[in-house]
Each structure stands twice: as C-alpha cells, then as structure tokens.
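K.L.:
Got a predicted structure here, sequence first:
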Protein chains: 2
Amino acid sequence: MTQIQAQQMEELLNVGIALSSTHELSALLEMILSESRRFTYADAGTLYLNKNGNLVAEVAQNNTLRRRLGSQRSTAIFRRFTVPIGFDSIAGAAAETRDVVHIDDVQNQPHNSPFQYNPAFDRAHNYSTHSNLAVPMLNRQGNVVGVLQLINAIHDGQIVPFSDSCIHVAKALASQAAVAVENALLTESLKNANLDSLRRLGVAAEWRDKETANHIMRVSHFSQLIAEEMRLGSDHVELIFNASPMHDVGKVGIPDAILNKPGRLEDSERVVMEKHCEIGADILKDSDEPVMQVSRTIAVAHHEKWDGTGYPNKLTGDQIPLEAQIVALADVYDALSSKRCYKDPFPEEKVISILKNDTGSHFSPIVSAAFFRVYEATKKVRETFDDTEATFDKFVSL
Amino acid sequence: MTQIQAQQMEELLNVGIALSSTHELSALLEMILSESRRFTYADAGTLYLNKNGNLVAEVAQNNTLRRRLGSQRSTAIFRRFTVPIGFDSIAGAAAETRDVVHIDDVQNQPHNSPFQYNPAFDRAHNYSTHSNLAVPMLNRQGNVVGVLQLINAIHDGQIVPFSDSCIHVAKALASQAAVAVENALLTESLKNANLDSLRRLGVAAEWRDKETANHIMRVSHFSQLIAEEMRLGSDHVELIFNASPMHDVGKVGIPDAILNKPGRLEDSERVVMEKHCEIGADILKDSDEPVMQVSRTIAVAHHEKWDGTGYPNKLTGDQIPLEAQIVALADVYDALSSKRCYKDPFPEEKVISILKNDTGSHFSPIVSAAFFRVYEATKKVRETFDDTEATFDKFVSL
C-alpha cells in the first residue's frame, strides 16, 4: 500500500465530513466529483450512479471546456447517458470488476485491450482524452453504488497518467462518497415516502367531498407559489407545500347529509359543517413533527377571514396564522377556477373579480397581492393537474 | 498540529465510513465510543448528546468494570444522567467552550481548578478515575452535537495522561461522529414523521366508523406480534406494522346511511359496504413506497377468508397475501375484544372460541396458531392502548 502524506489524509477526513453533511443529491454528486478531481489533479470527470444494474452518468465536469466555453455553455453540453455494467466501457468495467480500471492513454491502447474508446465526445467538442481512471464506489457490503471516472491528470501543465498515490486517494474518496450517496438517497426516499403519505391523507379526506386528488395537488402548488413570492424561507415554503394537502381532513367527520347536500345549508347544518376545522385539528393534534403541526394550524384556521367574519374562532388580520391565510386564498381560487361535480369552472374574469373584491374582507391584502404577482404561474399548475372526465368517474360508481 | 501516522489516519477514514453507514442510533453511539476508546487507549468513556441545551449521557463503557463484573452486570450499572452545558463538569465545559478539556489526573487538580470532580461513581463501584479527556462533537456549523468523554488512558498497563496524538485523533473522530449522529437523528425523525402520517391516515378513515385511534394502534401491534412469531424478517415485520393502520381507509367512501346503519345490512347495502376494500386500494394505489404498496395489499384483501367465502375476490388459502391474512385476524380479534359505541367487549372465552372455531374457514391455520402462541402478549397491547370513556366522547359531540 502506498503511504499517503498524513496531511492529505487529514484533508480527506474533512472532505468525508463535508460529503456526509450534504443531503441534497445533486449538490453532493457535484461535490464528490470536484473534490475527486482536486485530489487527483484531473482536468475532467464523470460521476455515474448504479440504477437497476446500469450506470447512469449524473454529473460531468471538464475544466478545459469550462475555460473555453464559460461555465454555462460547458454545463449545457452535458447529456445524461447510460452505460451497461460490463466490459463495453471503462466505467462499466470498473463496476463489473469492482476494482479500479486505469489506462495511461486511451489513444494508445494495445490492440488486445478489451475497452472500446469512444471518440465521439472528443470529436464533437474538440477535446482530447488521454489518461483515464475509473474507480468503483463500493458501499460497506461491497455493492457498486456508482463509478467515479477521472480524465486527464495534469502535472506541470501536461497530461500525465494518474499516479499510484492519486489512485489510492481516489479509492478512499470513492468509499466515502458511496456511503454519502446511499445516505442522501435514503433521506430523499424517506422524504418522498412521507410526502406521499401526507397527500393520501388529503385525498382520503376529500373523497367524500367529491373533490379530486388534483385539487390537493393544485392547492399545494398554489400555496407554494404564494409563499415563495412572499419571500418566506425555503424550509417554511416546503412546510406549507407539504402541510396544505390536509387542510380539509376534518371533513371525514361530517355526515353525508350535510356534506353532500345540494343547495344552501340550514343554520343548524352549517354549524355542523363548520366543525370540520376542529375535527381536522383533532386528527392532526399532538405531533412532534413540524409538518403535522403546520397542517393542524392550517386545518383549524383556513376558514378564518381577514375581517373577522370567518370561523371557527373569528380571528382577524394577522391573528390568523400566515400559513392559513395563504391556503385560504389558494383553496378558494381552486374552487372557483375548477370544475366540480356540480359546477363548471367560472370564467377567468369572474374568478379574478371575486378574489379582488374579497381582498381585505376575506383575504389578506399581502397574500392577495403576492397571489396576483404569480397568477400566470398558477395557470401552469392548473394545466399540469387538470381534471379530466375520468377523474370524476369514480364518484359516480357508488 | 501533531502529525499522525498515515496508517492511523487511513484507519480513521474507515471508521468514518463505518459510522456513516450505521443508521440505528444506539448502535452508532456504542460504536463511536468503542472506536474512540480503541484509538486513544482509554479504559472507559461516556458519550453525551446535546438535548435542548443539556448533555444527556447516552452510553457508557468501562473495560475494568466489564472484566471485573462481566458484560451484563457492568452494563446494568449505567444510569442515564444529565449535566448542564457550563463549567460544572468536565463534559459540560467542553461543550461550553466548544474545545477539548484535558486533565492529566482529576485526583490531583490544582485548588483553583474550576472543575468539581464528582467521586460518587468511583466510590460506588470501586473504580479510580485519573486522566480525563472531553472532546466536543461539533457539526460543520460548529454546533455542539454532543461530547465524547474518555477516561484513563492506558500505556503499558499504567494509567497515563492522554497524549497529544490521542487528543488529535479523538478530535477527528468526534467530528466524524457528530455528522453521523446528526444523520442518524435525521433518519430517525423522517421515519417517525412518516409513521405518524400513516397512522393519522388510518385514524381519519376510522373516524366515521366510530373506531378509535387506539383501534389502529392495537391492530398494528397485534399484527406485529403475529408476524414476528411467524419468523418473518424484521423488515417485513416493520412493513406490516406500519402498513396495517390503513386497512380500512376505503371506508371514507362509504355513505353514512350504510356505514352507520344499526343492525343488519340489506344485500344491496352490503354490496356497497364491501366496496371499502377497493376504494382503499384506489386511495393507496400507484405508490413506489413499499409501505404504501403493502398497505394497499392489506386494504384490498383483509376481508378475504381462508375458505374462499370472503370478498372482494373470493381468494382462498395462500392466494390471500400473507400480510392480509395476518391483519384479518388482528382486526377481528380487536373487534371482538374491545368496547365499541354499540357493544361491550365479549368475554375472553367467547373471543377465543370464536377465533378457534373460525380457524381454517375464516382464518389461516398458520396465522391463527402463531396468534395463540403470542396471546398473552396481545393482552399487554390491549392494556397499553385501552379505550376510556373519554375516547368515545368525540363521537357524541356531532
């Protein structure tokens, strides 16, 4: 084993800590590649992840092209591509053998070399690949998480083969990177799982109300657009986005006769209907999770009105939690602008005039102003989560 | 900075990878402490985590006591305790200053030393603390995640002060440990968040059925006990535990007039009632998440019967997914043995005789046998999640 200088190892330790602290996958992959290039003096490189037995190139960096074309154009060159694990490519071979593949100069390979060097990229971009180092990213079980491919080691301005000590450092880095990538994927998957559960909670609650799953998605996205426009922090925006689907969860507690009554509710029926806010708060109570706490806040207060004429607590102005102010407008906007079982969408001018008219009485002026600044973007959301006739079919079947 | 041998740093890298790969918190904390002791030749140590500004001692290890008392008895000595961050203790001071606190011999401290050495533990267990090293575990933002306290460095069988190189290694390890602990806490919190959401989905669905949140918890725990007894893998058991709360989510789609009808349903009403399995499947469909996929399986098949007389698909025997076979029994057991709005719990002998009688017709013989082997444990679950009168109050209010 080559001895590496202690200081370099110490730097490696710090890189490992930095990688472990980075949970956002794309930022992590860029960091892995740039740190690997830094430690090995590599001009360029590509990072592949193992997806169902194929290597998908997720990130590429090329210092020469970046200097020639600028950061933006050199990044734009990159197209995600897939190579099979196996001896068809250098990266594929590293994954197949679970060992480093190191080629001094791909332009001068012996005739019996198993690797086909593909000059397409070099020709298209006037680049010249010579030294090449592919390091498998192995997790602790020895499974291939991905491959780190480094290109053109630079020494005194010349392209040289990768040194033994560079190879050694790259292997250490690849092991750290493998764990960090697995952890980031786990975090991402746990977040997605929870988001999925929260939305289904919303969908289940809206089922009897003959609302569609798309209604949940639209209100969630409208709320996100408004919150972003109001310059709330990204964590706060994400909380609102994730918490808003449950705003009507309390409707599970409202009897059919009232929930589905056509036409106007009697006063006594309206009293029962309005209980959905407090039932929702009860279903969502006592959680340590911030998203559940915000969803409870929204559930209980999304029918409060700016002038104090809402329910259940007749709050006024900023007594109404900001998250509920936002969802209140998003929810009404969706009700007006969407088809329901019992009504067609209102014309755009009518929707706008109702919302403008109710600003300051029903809606917060600040929330309303933010909404109208992102109005065009809300139309995109409506296109993406458009209800078709088929969406409503399920309600007819019972 | 003391130069550490490259090989030791390389070992540290591997320890960092091992720590990052360990997501279960208590295993991680034990590993951090034992690895730190190994690198610093420490006879004993304690690992504290920062909880709301106090240091909570989570893990302690003591090699001398372990050899004297055996592993079990020496572990049993440990009591979790809390020390404030501040100059009242060595660990507290390390957290307060965010720097290493190193004392050659706590028995011979200068009179002006700010630290009070507490000899209580030494006296109680006939141990003698001398050299002491407290290292703050700082995350990348410089916040104190915890403190690593190491006691009695051993060299040639003698207790000596911790060397500079040991201190240096301990600091490197503490930084790696800080990130690993934060990641483990994040993973734990994301898992808890999702579990919380899944249960609320179940609670929302049972609301109209006048079931209680405790019903969800009991069925979940009964299913877990049966699955464990059947020697399913721990991941599979966890999936069943987490997925079972949603088994009746489709009841949100059943009209009140049928769901809450007292007495027997007409044939035509029963057809509608039985749709709750397929509505549940619809609410839970199209998920990439294993727990949601299992919950869908359970929702659709938990009313199938072993002899093919169940619904909706009249599956027989092992055509019925195993998870649904388990929840089917757990659900009926809870219905029989619990109070409902409309009935008192059945006497124990009657519950047992019904379940035994229906084994082979309604229930899988294997699931039923496993259930009766864990029957005593199910009674504990019933005590833990017992419904009080207050649990039912909410249903009366509407």
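P.N.:
It's in. Residues are numbered from 1 along each chain as shown, chains lettered A, B, ... in the order given.
K.L.:
residues in contact with stretch A:161-170?
P.N.:
Residues outside stretch A:161-170 that contact it (CB atoms under 8 Å, 6 or more residues apart in numbering or on different chains): A:1-2, A:4, A:8, A:12, A:36, A:39-42, A:100, A:102, A:104-105, A:131, A:133, A:135, A:148, A:150, A:153. Placement of C-beta: from N, CA and C, glycine included.
K.L.:
just checking, which of the residues you listed belong to strands?
P.N.:
A:42, A:102, A:133, A:135, A:148, A:150, A:153 (DSSP state E).
K.L.:
and the next element down the chain from the longest helix seen in chain A?
P.N.:
Counting residues, the longest helix found in chain A (DSSP state H) is helix A:164-207. With elements assigned by DSSP states H and E, the helix or strand that comes after helix A:164-207 is helix A:213-229.
K.L.:
I'd assumed A:Gly45 was in a strand, is it?
P.N.:
Yes - counting by DSSP: H, G, I helix; E, B strand; the rest coil, A:Gly45 is located in a strand.
K.L.:
what residues are up against it?
P.N.:
Counting by CB under 8 Å, 6+ apart, A:Gly45 has contacts A:33, A:36-37, A:60-62, A:148-151.
K.L.:
Export only the CA atoms of the host helix or strand of A:Asp122, formatted as PDB.
P.N.:
Using DSSP H and E, A:Asp122 falls within helix A:120-125. C-alpha atoms of helix A:120-125 as PDB (Å, rounded to 0.1, in the frame of the first residue of the first chain):
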ATOM      1  CA  ALA A 120     -17.500  10.800 -30.200                       C
ATOM      2  CA  PHE A 121     -17.400  13.300 -27.300                       C
ATOM      3  CA  ASP A 122     -13.800  14.400 -28.100                       C
ATOM      4  CA  ARG A 123     -14.600  15.000 -31.700                       C
ATOM      5  CA  ALA A 124     -17.800  16.900 -31.100                       C
ATOM      6  CA  HIS A 125     -16.200  19.200 -28.600                       C
END
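K.L.:
Could you give the separation of it from the chain centroid?
P.N.:
32 Å (CA atoms, centre = their mean, to the nearest Å).
K.L.:
follow-up on the earlier one: from the ones in strands among the contacts of stretch A:161-170, which has minimum pLDDT?
P.N.:
Among the ones in strands among the contacts of stretch A:161-170, A:His102 carries the lowest pLDDT, at 94.
K.L.:
which residues in the stretch 251-398 of chain A form helices?
P.N.:
A:256-259, A:267-273, A:276-283, A:290-301, A:322-337, A:348-357, A:365-373, A:375-384, A:389-396 (DSSP state H, counting those that start in this stretch).
K.L.:
Would you work out how far apart the start and end of stretch A:301-312 are?
P.N.:
One end of stretch A:301-312 sits 7 Å from the other (CA to CA, to the nearest Å).
K.L.:
quick one: contacts of it?
P.N.:
A:247, A:274-275, A:277-278, A:300, A:313-317, A:319-321, A:324-325, A:327-328, A:331, A:360-365.
K.L.:
in it, what's buried?
P.N.:
Residues A:301-306, A:310-311 are the ones in stretch A:301-312 that count as buried (16 or more other CB atoms under 10 Å in any protein chain shown).
K.L.:
Columns pLDDT on top of those, output as TSV?
P.N.:
Shown next, in TSV, are these (pLDDT from 0 to 100):
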residue	pLDDT
A:Ala301	98
A:His302	97
A:His303	97
A:Glu304	98
A:Lys305	98
A:Trp306	98
A:Gly310	97
A:Tyr311	96
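K.L.:
For the stretch 1-150 of chain A, which residues are neighbours of chain B?
P.N.:
A:3-7, A:9-10, A:12-14, A:16-18, A:20-21, A:23, A:139-140 (CB under 8 Å from any CB of the partner chain).
K.L.:
just checking, which of those belong to helices?
P.N.:
Short answer: the residues of the stretch 1-150 of chain A next to chain B in helices (DSSP H) are A:6-7, A:9-10, A:12-14, A:16-18, A:20.
K.L.:
Only whichever of the residues you listed are buried, select them in ChimeraX.
P.N.:
Only the buried entries of these go into this ChimeraX selection, using 16+ other CB under 10 Å:
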select /A:6,9,10,12,13,16,17,18,20
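K.L.:
could I get the ones in helices among the residues of the stretch 1-150 of chain A next to chain B as TSV with pLDDT and distance to A:Val179?
P.N.:
Shown next, in TSV, are those (pLDDT from 0 to 100; distance: CB to CB, whole Å):
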residue	pLDDT	distance to A:Val179
A:Ala6	70	23
A:Gln7	77	23
A:Met9	79	17
A:Glu10	82	19
A:Leu12	88	14
A:Leu13	88	14
A:Asn14	90	15
A:Gly16	92	9
A:Ile17	92	12
A:Ala18	94	13
A:Ser20	93	7
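K.L.:
Turn the ones in helices among the residues of the stretch 1-150 of chain A next to chain B into CSV, columns for distance to A:His236.
P.N.:
Shown next, in CSV, are those (distance: CB to CB, whole Å):
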residue, distance to A:His236
A:Ala6, 44
A:Gln7, 42
A:Met9, 41
A:Glu10, 38
A:Leu12, 36
A:Leu13, 34
A:Asn14, 31
A:Gly16, 31
A:Ile17, 28
A:Ala18, 26
A:Ser20, 26
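K.L.:
Closest to A:Leu186 out of the ones in helices among the residues of the stretch 1-150 of chain A next to chain B?
P.N.:
Checking those against A:Leu186 by CB to CB gives A:Ser20 as the nearest, at 12.4 Å.
K.L.:
Having no further points to raise, I will conclude here.
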